[in-house]
Every structure is written in C-alpha cells, then in structure tokens.
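# Compute the structure for the input listed below.
(one chain, ligands or ions: 1)
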Amino acid sequence: MTAEDGRRYLDGMSGLWCVNAGYGRKELADAAARQLERLPYYPLTQSHLPAIELAEQLGEWLEGDYVVFFSNSGSEANEVAFKIARQYHLQSGNPLRTKFVARYRGYHGNSLGALAATGQAMRKLGYEPLAPGFLHVRPPDSYRRPEGMTAEAFQLLCAREIEERIVWEGEETVAGVILEPVITGGGVIVPDPLYMQEVRRICTERGVLLIVDEVICGFGRSGRKFGHHNYGVSPDIVTMAKGLTSGYLPLAATAVKRELHEAFRRTGALAHLRHINTFGGNPAACALALANLKLLERERLPQRAAELGAKLLGDLRAELASHPQVGDIRGFGLMAGIELVADRSSREPLGAAVVQAVLDRCREAGLIIGKNGDTVAGMANVLTIAPPLSSTDEDMAFLQTALLESLLPLA
Ligand code: PLP
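All right, here's what the predicted structure looks like:
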C-alpha cells in the first residue's frame, strides 16, 4: 500500500488483524455498491435477503447447526454472547448462572462487558469498575511454565484451573467460559489441542457454555475456516467480526447452537433476545461478507494461510535460533509472535523501548508489524505478524528480510 507521502508499505498486520483477503479487492467493493443501490438499509427486527443468505453461509462455514445474530463489532458480538448465555440459563431454570471465566492476556473488546472479560490490565486502567462477574485464570503460555514441568502437564494444569475456578465459585453460578482459540493481541499464545479438549470436557460436565471468540482467528487466519476447527472442539457460541468482511465494512456475528436458540422460543415475557441495534447486519455489509466468503473459498485462502504460516514459522525459527534476545517464536495459521527477552536464561521481558525500536526499524524498511505491549501486568513483549492471507511469495520474502534485518541490531 502507498502512504500519502508516496512511501510504499507492506502491511504485515492486515490492519488490525482483519484484512484477510488483502487490499484492493474490487469485487468486494462492487458487491457492497450493488446492494446499496438495491436496498441500502432495513432493520433486522424484520429481515432481508443478504442477512438470511449470510446466516446460512456462516452455518456452513461453522460446520455445525448454528443460528446467527448480527451486530457491528467484535466487542458487541461478545456482549451479545454474554447476554445470550445468561438468558439461556435463566430460561432453562438456572437463573443463578451469571458469571464468566476468561483468561489473563486474552482480549475481547472495549465495551464494559467485553473489557471486563479481557485479561490485560493496561487496557482497563482508568475505566474500572467494569461489568461484575468476570473471573480470570492464567493463559496456557507454555514458554512461561514453571521450571521442570512438561508442556503437556502445564497445559492440563491451565485447563484445570478453569475447572477449579468454576468449582470454587459454585458451579451453579457460572454461565460460560470465553476464550480465543489462540490468544492473539495478547501475544500469540497457542494452546495444545489437549488444553482445548479439556476445556470442552469441563464446560460440558459443569453445564457451562463454551464461548469461542473467533474475531481474529476466524475466516482462514488459523489455516482452517475457524480457529476451533484446528482443535476438534465444538463451541456452544462463536463470536466473529474483522475477517468476516476482511475489514472492508463493519459487521459482526454471534452464532449459537440451535438447542440454545430453542430455549428462546419458549413462551413468556422474556422469550426473545432483547438486543436491538440499528446497524447490525446492514444489507451492504452482509452482501460484501458473502462476496468475501466466496473469495476466501475460491482462492483457498485458509489453506494458503496454513502454507505461508508454516514456512514463515520454520524460517523464523531457523534464522533466529541463536539470537540472544529471541526467547520464543510461536505461530498458528498465518500469524506469528516473537517474544523478546533481555536474555534467554532469565526470560526477563525486554524493555518496551527496545521493542518499539524494532517496530520503527521495520517501518523504516517499509514493513508494518505489531506488538502486544501490555507491560503494566508484567506481560512479555511479543512482536506480532499477521499479513493478509492473499500475500504473495514475494510479499513474504520481503516481510522476512525486513523483519530479520530489524532484529539484527539487537543481537
Ligand atoms: N475479540 C478479539 C479476539 C479481538 O482481537 C478484538 C479486537 O481486536 C475484539 C474481540 C473486539 O473487536 P472490535 O474491535 O471489532 O470491537
């Protein structure tokens, strides 16, 4: 992409992890323009064809029997998930089930409930108290596991902390567990399949709903259609935004298993979800999303993400194997995290100024990358990389060269 001053950049972060199909896709703009001429607006308190078709398509993408509710942003998709979970329990005779368990370092949005679910202290500073009833446990960050413990044992320990929290709180008071398949903005923390499967078991046995936040991992970023497809677990609720339209227009969705939806069909004053929004499921955004899903499938971009990501991870691990300040290199589909440390034995996080200097050098070289950067809670410093899934081999070669050269002055 070309900036106002004429300089060219490669966007190694897909904006905010969202431009999955890449920039300049005329067919996406055309799909929205055609819909704007046909029917620019109609509320989903009624219905319209693009929303109906998109809900059907999302059902296919999810490979499960889901009912979809549209909104405007990832934050709102999560708020809707929390409301649905509480109301579902209320309507199923479990009115005490109102609490949610989330993980430290996870990110779920900027509104009072979604931020309460978020586990990054810096983002909450100055805004508390947030919504009550959100509890946090440690993330499955094997790089920072206790010395002497195997990664496998640590992953199981992290999952069982969720179970312990549910039991200590009183299982009959917990509505849901929310998690990203991979903690993305919090530092690309990739769990073992064991962890995810254990969390699924715990939720099922304890009557707690599993809410999977696919706002970043969805729509091919993970190398599959959705992040949870990599783990063989079936969520009760899935939230999505960002890659749903490849970031071209705002749109979000909350998908719930049909049996949850059935609970909302029972009679009584509270028998439907009372969450009206004016713009959620806007017809042009839905038409664009439909074109985006077609494009992602036609160009096999989820598979492309898996291939490009595997090569990137392999190359970075080989090239940086002896870099003294590179503590860990992690990846999942087409996203990667490089954790920088003062030295490898202490694993002490490298200072924020040094990390910023790497970002600046990348930008100088024409590459935009990101970082997690929440140092208030002692979070490690992780460089993040998530280019469009449509990146060419030349784009990836440029990205790798610029990144590696920007890391060299540290060594
Ligand atoms: N969930 C995750 C995993 C995210 O990364 C984000 C945003 O970065 C959100 C939710 C919130 O989405 P939005 O910024 O569209 O409200």
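
# Can you name the residue of this structure nearest the ligand?
Using Cβ to the nearest ligand atom, the single residue of the chain nearest to the ligand is Gly74, 2.3 Å away. Heads up, the C-betas are built off the backbone N, CA and C, glycines and all.

# neighbours around that residue, how many?
By other Cβ atoms under 10 Å, 29 other residues sit near Gly74.

# which residues does it contact?
His108, Gly109, Ala114, Asp213, Val215, Thr239, Met240, Ala241, Lys242, Ala252 (Cβ atoms under 8 Å, 6 or more residues apart in numbering).

# Go back to those and keep what's next to the ligand.
His108, Gly109, Asp213, Val215, Ala241 (Cβ under 6 Å from any ligand atom).

# Need the per-residue pLDDT for the residue of the chain closest to the ligand.
Here the pLDDT value assigned to Gly74 is 98.

# and of the ones next to the ligand among the contacts of Gly74, the nearest to Ile369?
Val215 (19.7 Å; Cβ to Cβ).

# secondary structure class for the closest one?
Here Val215 is recorded as coil under DSSP: H, G, I helix; E, B strand; the rest coil.

# distance of the residue lying closest to it once chain neighbours are set aside from Arg363?
Nearest residue to Val215 in three dimensions, chain neighbours excluded: Gly74, at 3.7 Å (Cβ to Cβ, 6 or more residues apart in numbering). Gly74 is 26 Å from Arg363, where distance means Cβ to Cβ, to the nearest Å.

# in stretch 212-230, what's buried?
By 16 or more other Cβ atoms under 10 Å, the buried positions in stretch 212-230 come out as 212-230.

# What about those residues, which are in strands?
Taking DSSP state E as the definition of strands, the buried residues of stretch 212-230 contribute Val212, Asp213.

# buried residues in stretch 196-214?
196, 198-200, 202-203, 208-214.

# so how far is stretch 198-214 from its chain's centroid?
Centroid separation for stretch 198-214 versus its chain: 17 Å, with Cα atoms, centre = their mean, to the nearest Å.

# Compute the first-to-last residue distance for that stretch.
19 Å (Cα to Cα, to the nearest Å).

# Then stretch 237-251?
17 Å.

# before we move on, what about stretch 329-340?
9 Å.

# and Leu312, how far is that from Gly223?
Using Cβ to Cβ, Leu312 is found at 12 Å from Gly223.

# Gly314 is in contact with Gln400, correct?
No: contact status for Gln400 versus Gly314: not in contact, 10.8 Å apart, counting by Cβ atoms under 8 Å.

# Looking at those two, which one has more neighbours?
Neighbours per residue (other Cβ under 10 Å) separate Gln400 from Gly314, with Gln400 holding more: 18 against 12.

# Assumed the more buried one was part of a helix.
Yes: using three-state DSSP, the secondary structure at Gln400 is a helix.

# Now do the same for it: its pLDDT.
Predicted confidence (pLDDT) for Gln400: 98.

# again with Phe226
pLDDT, Phe226: 98.

# Could you do Glu205 as well?
Reading off the model, Glu205 has pLDDT 98.

# what does the helix or strand harbouring it contact?
Using DSSP states H and E, Glu205 falls within helix 193-206. Identification of contacts with helix 193-206 by Cβ under 8 Å, 6+ apart yields 140, 152, 155-156, 158-160, 162-163, 166-167, 171, 174, 176-177, 179, 181, 208-210, 228, 230-234, 236.

# buried subset of those residues?
140, 155-156, 158-159, 162-163, 166, 174, 176-177, 179, 181, 208-210, 228, 230-231, 233-234, 236.

# which ones among those are found in helices?
Judged by DSSP state H, helices contain the following of those: Gln155, Leu156, Cys158, Ala159, Ile162, Glu163, Ile166.

# Dump those into CSV; add pLDDT and distance to the ligand as well.
Putting those into CSV (pLDDT from 0 to 100; distance: Cβ to the nearest ligand atom, whole Å) gives the following:
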residue, pLDDT, distance to the ligand
Gln155, 98, 20
Leu156, 98, 24
Cys158, 98, 18
Ala159, 98, 19
Ile162, 98, 18
Glu163, 98, 23
Ile166, 98, 22
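
# Name the residues contacting each of Leu312 and Gly223.
Looking at what touches both Leu312 and Gly223 (by Cβ under 8 Å, 6+ apart), the common residues are Leu334.
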